[in-house]
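# got a predicted structure plus its sequence, pasted below:
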Amino acid sequence: MMTFVVGLGNPGPEYENTRHNIGWWVLDRAAHEWGAAPFRREGAAWITEGTPEGRRVTLIKPATYMNRSGQALAPFLAEGGLDPVRDILVVVDDAALDVGRIRLRPRGSPGGHNGLRSISRALETDDYPRLRVGVGRPPDGVDWADWVLSALTSEEEDVILTLLPELVRTVESWLEEGVEMAMSRFNR
């Protein structure tokens, strides 16, 4: 059985420290903690494998832009036998949550997030777990798209960097105990 953790973000140095790239930050931290090899380009994604608790996990960072994130899953979906409810976790920023809030959900609508919309189209379902990481609401008068493509303040970045180990523990809990147990332990 193969398990995938997909971290959403945008390629390119200009997006590296933006709110929209929090999914990549989480995968980078997980790869480091799990002693994974460096990410390598494979088709429309950067991937690596880790073995937390002896379980093989493929970490996927789509190399497409956010709005086309689902394209990166095509080669994995083509193999067949993939159950999105059981085999995939998507890690994504959420501008509707305060900075540092964690919301793991077993399913849900994309909620206006174009990366999740693309993943849902590729999977042909909204029934897949997603780990939403709060990046704060835009100030009045600031467009949502501009907001998620903006850099975190140094204080916000400190909150997220401090949170990264807990986010990796959340992923590990999902892997080992399932979504319901991980939700009860880490949602806040």
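Thanks, I have the structure now. Residues are numbered from 1 along each chain as shown.
# least confident secondary structure element in this protein?
helix 74-78 (a mean of 84; mean pLDDT, DSSP states H and E).
# can you give me the helices in this protein?
Remark: helices assigned in the chain by DSSP state H are 22-33, 74-78, 84-87, 114-123, 144-148, 154-177, 179-186.
# average pLDDT for stretch 141-154?
Averaged across stretch 141-154, pLDDT comes to 94.
# buried residues in that stretch?
Across stretch 141-154, burial judged by 16 or more other C-beta atoms under 10 Å covers Trp147, Val148, Leu149, Leu152. C-betas here are computed from N, CA, C, even on glycine.
# same check, this time on stretch 173-188
For stretch 173-188, the neighbour count (16+ other C-beta under 10 Å) marks Ser173, Trp174, Leu175, Val179, Ala182, Met183, Phe186 as buried.
# now the residues you listed as JSON lines including distance to Arg29?
Listed next are the buried residues of stretch 173-188 as JSON lines, based on distance: C-beta to C-beta, whole Å:
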{"residue": "Ser173", "distance to Arg29": "15"}
{"residue": "Trp174", "distance to Arg29": "15"}
{"residue": "Leu175", "distance to Arg29": "15"}
{"residue": "Val179", "distance to Arg29": "20"}
{"residue": "Ala182", "distance to Arg29": "17"}
{"residue": "Met183", "distance to Arg29": "20"}
{"residue": "Phe186", "distance to Arg29": "15"}
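# show me which of those is closest to Arg117.
For the buried residues of stretch 173-188, the closest approach to Arg117 (C-beta to C-beta) belongs to Val179, at 20.8 Å.
# that closest one is in contact with Leu104, isn't it?
Yes - counting by C-beta atoms under 8 Å, Val179 does reach Leu104; the two are 6.4 Å apart.
# what residues are shared contacts of those two?
Common contacts of Val179 and Leu104 (C-beta atoms under 8 Å, 6 or more residues apart in numbering): Pro129.
# of the helices of the chain, which stretch is the most buried?
Ranked by mean neighbour count under mean count of other C-beta atoms under 10 Å, the helices of the chain are led by helix 22-33, which reaches a mean of 22.
# could you say what helices and strands that helix packs with?
Counting contacts by 3 or more C-beta pairs under 8 Å, 6 or more residues apart in numbering; DSSP states H and E, helix 22-33 packs against strand 3-7, strand 45-50, strand 57-62, strand 88-94, strand 130-134, helix 154-177.
# repeat that for 6 Å
Applying 3 or more C-beta pairs under 6 Å, 6 or more residues apart in numbering; DSSP states H and E, we find helix 22-33 packed against strand 3-7, strand 57-62, strand 88-94, helix 154-177.
# thanks again, I'm all set now.
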